[in-house]
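A.B. asks: this is the structure alone, sequence omitted:
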């Protein structure tokens, strides 16, 4: 009862202090999410909710004389609504919807040619690492990795052939925070034409606007927070530059990695509650992070919303809040981590993140298994690292699930105490039987 009472007091305080010290919220975010690109006047029916246009082709008035759409790979009315909305939320002129986050990564990288250099943040999503290491490098790109939390390491990694710098912040899974503004300044000073990309998947457009901080491209796996319902696989790319728009528009059509109109409809719908969902994700995650940080069975908690995070102040300077992503090291070894994950009841043991439901996973075995073992060790992706995507359930139920799983996974009694108790029990039973 005392634990539940303490949780209630903690929750009340968090409600008051949740966004204190962070950047001011983006003006009219909710209004733009609900209205931009959704204007009823664009449809003859005056539909308030944009319809799903499943047609693959569109009738032309005459040869080459069309009404804005020719073929759905090149452009689609439903996709157009989504792209306009996301551009507004990113503070961008243009947005492109693609078939997945990795399709977005591939499309961006296709702006380069063999011999061009890519410098990628060392700690990134496993699929991004795999793409640059196993695929992009095979096509003749000069790929290297560096820790961008140390600006001098980024500077040292830049070469005369560097054409693309790939930032992920916070990083997946160790939640390092990269100073976007400082990195963009260093890169553009080195070469003003080098393209700075920020993977904004963990933050969503609600909590971070990389283009405002000097990045050239903001991209997402929209599968995560931007859609928010774990029922769409999609990527998004936002830009302001006319040159980047022209190049990416050509590649979107020429490569053809585009999403279905139905997926665009679902993601467009998900945006309408993005501001509500992200605030609740932050609120629940902060409660969870504080709970875990105070638990003796947890070795270390990594959550940028905690003052204990080494880049907490940077997070507050460049973001308007924190997402629901937490990583922590459980005490013990691999067996303790896997037992904890297998014992969860509310949390689903699953990859992905950013949906309304709580998920838990083991990066070394699951999402980052494709990262070389030596690199995982250097990045701190150990056998005891666990990643949580804290959902929108009642926070007390979330805490209770974590508590019961920790009870199963980690014994809190010292070995000598446990051994003495077992010995006493054995002697007592032995005497009784005699």
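C.D. replies: Sure thing, it's come through. Fair warning: this is a prediction, and the values are worked out from it, not measured in the lab.
A.B. asks: residue ranges with poor pLDDT in this structure?
C.D. replies: The chain contains residues with pLDDT under 70 at 1-16, 412-434.
A.B. asks: got the domain boundaries for it?
C.D. replies: Structural domains assigned to the chain are 2-23+274-415, 29-271, following automatic domain parsing.
A.B. asks: format the ones you listed as a markdown table; extra columns: mean neighbour count.
C.D. replies: In this view, the C-beta of every residue, glycine as well, is placed from N, C-alpha and C. As requested, those are exported to a markdown table (neighbours: other C-beta atoms under 10 Å):
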| stretch | mean neighbour count |
| --- | --- |
| domain 2-23+274-415 | 18 |
| domain 29-271 | 19 |
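A.B. asks: which residues touch the spatially most central residue of the chain?
C.D. replies: The C-alpha lying nearest the average C-alpha coordinate of the chain belongs to residue 202 (C-alpha atoms, centre = their mean; 2.2 Å). When contacts are counted by C-beta atoms under 8 Å, 6 or more residues apart in numbering, residue 202 is found next to 168-170, 172, 224-225, 323, 325, 353-354.
A.B. asks: where strands are concerned, which of the residues you listed count?
C.D. replies: Here DSSP state E is the test, and the contacts of residue 202 give 168, 325 as lying in strands.
A.B. asks: what sits opposite residue 95 in the beta ladder?
C.D. replies: Under DSSP bridges, the beta-bridge partners of residue 95 are residue 238.
A.B. asks: that one is in contact with residue 234, isn't it?
C.D. replies: No: when contacts are counted by C-beta atoms under 8 Å, residue 95 is not listed as touching residue 234 (11.7 Å).
A.B. asks: let me see the ranges of the helices in the stretch 51-200 of the chain.
C.D. replies: Listed in chain order, the helices of the stretch 51-200 of the chain (DSSP state H, counting those that start in this stretch) span 77-89, 101-109, 126-130, 151-157, 180-190.
A.B. asks: let's have the ones you listed in JSON lines, adding distance to residue 407.
C.D. replies: Formatted as JSON lines, the helices of the stretch 51-200 of the chain follow (distance: least, C-beta to C-beta, whole Å):
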{"stretch": "helix 77-89", "distance to residue 407": "42"}
{"stretch": "helix 101-109", "distance to residue 407": "36"}
{"stretch": "helix 126-130", "distance to residue 407": "30"}
{"stretch": "helix 151-157", "distance to residue 407": "42"}
{"stretch": "helix 180-190", "distance to residue 407": "41"}
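A.B. asks: for those helices, which one sits closest to residue 52?
C.D. replies: Proximity to residue 52 (C-beta to C-beta) singles out helix 77-89 among those, at 5.4 Å.
A.B. asks: from the chain's centroid, how far away is the closest one?
C.D. replies: 20 Å (C-alpha atoms, centre = their mean, to the nearest Å).
A.B. asks: now residue 235. Nearest residue, chain neighbours left out?
C.D. replies: What sits nearest to residue 235 in space, not counting adjacent residues and going by C-beta to C-beta, 6 or more residues apart in numbering, is residue 104, at 3.1 Å.
A.B. asks: before we move on, what about residue 89?
C.D. replies: Leaving out its chain neighbours, the residue that sits closest to residue 89 by C-beta to C-beta, 6+ apart is residue 205, at 3.9 Å.
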